[in-house]
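>>> Structure of the sequence below:
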Amino acid sequence: MFLFLKLFLAHLIADFILQFEELYQLKVRSVWGHLFHVLIHGIVSLVLLFPYLKNPGIWVFVAAVVLLHLVQDFIKYTLTKKIPKNTFFYFMADQFVHLLVLSSILLFPVSAEVRGFPGHPLLDAVYRDNAFTLLLIFFILLTFAGSYTIHAFCRSYVKDSPPLYGITSYEMTYTLLERSIIGIIVLGASNGLWILLTPLVGLARLPLKRMRSRAGFLVSLLYAILLGLCFRGLL
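The predicted structure follows:
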């Protein structure tokens, strides 16, 4: 699972953290946005797989992942443009296929190797620590990936959701902080009663007119709680 986790982390970084609003808009308008996006994917993957780059197979695998990602993006954006009400289905299907493609690394012998940075003890310890990688994955799924997931869900199922619901800089910044607080409570709570108090976090939205969406908060709250409970079992 070691290499798979690194590849999945690279995917999350490139697909969500580094897919800023301007890049998203460029992807909607032009093929250059898609090419720039998959180039970022390739670079991030190679950086996180640095100890394995002497193996030519890793370069081939990353190139194949990048090419398939480009094809998937074209298909997803084309379908989403034609039938916007299916945005959430296309988004989830796209992420599921990405996951399947990345998991194919487990079919190769190199996936059983755990390499690191023997000349740099601290970096080596951090790189080899699966728990640290899982924590990063959890944080990105909770925050940036959560924003895009909730955006797709609301576009499909919440009436009158604006085209950029939840992913404008203002909304995303606020909800990143909100779900981080909820996720930390769920992940670290020793008593289940603390989880029952997490809806109180939503009170901070009341002074902010743009954030007074009951449906939006409930979807965000449920997402953070479920994700936190899932990762409690993994960490």
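
>>> could you give me the average pLDDT of the longest helix seen in the chain?
Assignment by DSSP state H gives helix 56-82 as the longest helix of the chain. Averaged over helix 56-82, pLDDT sits at 92.

>>> how about it: buried residues?
For helix 56-82, the neighbour count (16 or more other Cβ atoms under 10 Å) marks 58, 61-62, 65-66, 69-70, 72-73, 76-77, 79-80 as buried. Any C-beta I mention is one placed from the backbone N, CA and C, and that applies to glycine too.

>>> cool, stretch 118-134 as well?
127, 133-134.

>>> then that stretch to CSV, C-alphas only?
Extracted as CSV, the C-alpha positions of stretch 118-134 are listed here (Å, rounded to 0.1, in the frame of the first residue of the first chain):
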residue,chain,number,x,y,z
PRO,A,118,18.6,7.1,4.1
GLY,A,119,20.9,10.2,4.0
HIS,A,120,18.3,12.4,5.7
PRO,A,121,17.0,10.7,8.9
LEU,A,122,14.1,13.0,9.6
LEU,A,123,12.9,13.2,6.0
ASP,A,124,13.3,9.4,5.7
ALA,A,125,11.2,8.8,8.9
VAL,A,126,8.4,11.1,7.7
TYR,A,127,8.4,9.7,4.2
ARG,A,128,8.2,6.1,5.4
ASP,A,129,5.5,6.8,7.9
ASN,A,130,2.2,5.6,6.5
ALA,A,131,0.3,7.2,9.3
PHE,A,132,1.7,10.7,8.4
THR,A,133,0.7,10.1,4.7
LEU,A,134,-2.8,9.0,5.8
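
>>> now the most centrally placed residue in the chain, nearest residue through space, not along the chain?
In the chain, the centroid-proximal residue (Cα atoms, centre = their mean) is A145; its distance is 3.5 Å. Of all residues not flanking A145 in the chain, F16 sits nearest, at 4.5 Å (Cβ to Cβ, 6 or more residues apart in numbering).

>>> ok, G202 - how many residues close by?
A count of nearby residues for G202, using other Cβ atoms under 10 Å, gives 18.

>>> how far away is it from L122?
Distance, G202 to L122, using Cβ to Cβ, to the nearest Å: 39 Å.

>>> and what of P207?
43 Å.

>>> Kindly report the same for L135.
Taking Cβ to Cβ, one finds L135 at 17 Å from L122.

>>> try Q72
Here Q72 is placed at a distance of 37 Å from L122 (Cβ to Cβ).

>>> what does V31 give?
Using Cβ to Cβ, one gets 42 Å for the distance from V31 to L122.

>>> Report the distance from stretch 138-148 to the chain centre.
When distances are taken as Cα atoms, centre = their mean, to the nearest Å, stretch 138-148 is centred 5 Å away from the chain's centroid.

>>> Any chance you could list what contacts it?
Stretch 138-148 has contacts (Cβ atoms under 8 Å, 6 or more residues apart in numbering) with 9, 12-13, 15-17, 19, 91, 166-167, 171-172, 175-176, 179-180, 183, 187, 220, 223-224, 227-228, 231, 235.

>>> Select from the residues you listed every entry located in helices.
Using DSSP H, the contacts of stretch 138-148 in helices are 9, 12, 91, 171-172, 175-176, 179-180, 183, 187, 220, 223-224, 227-228, 231.
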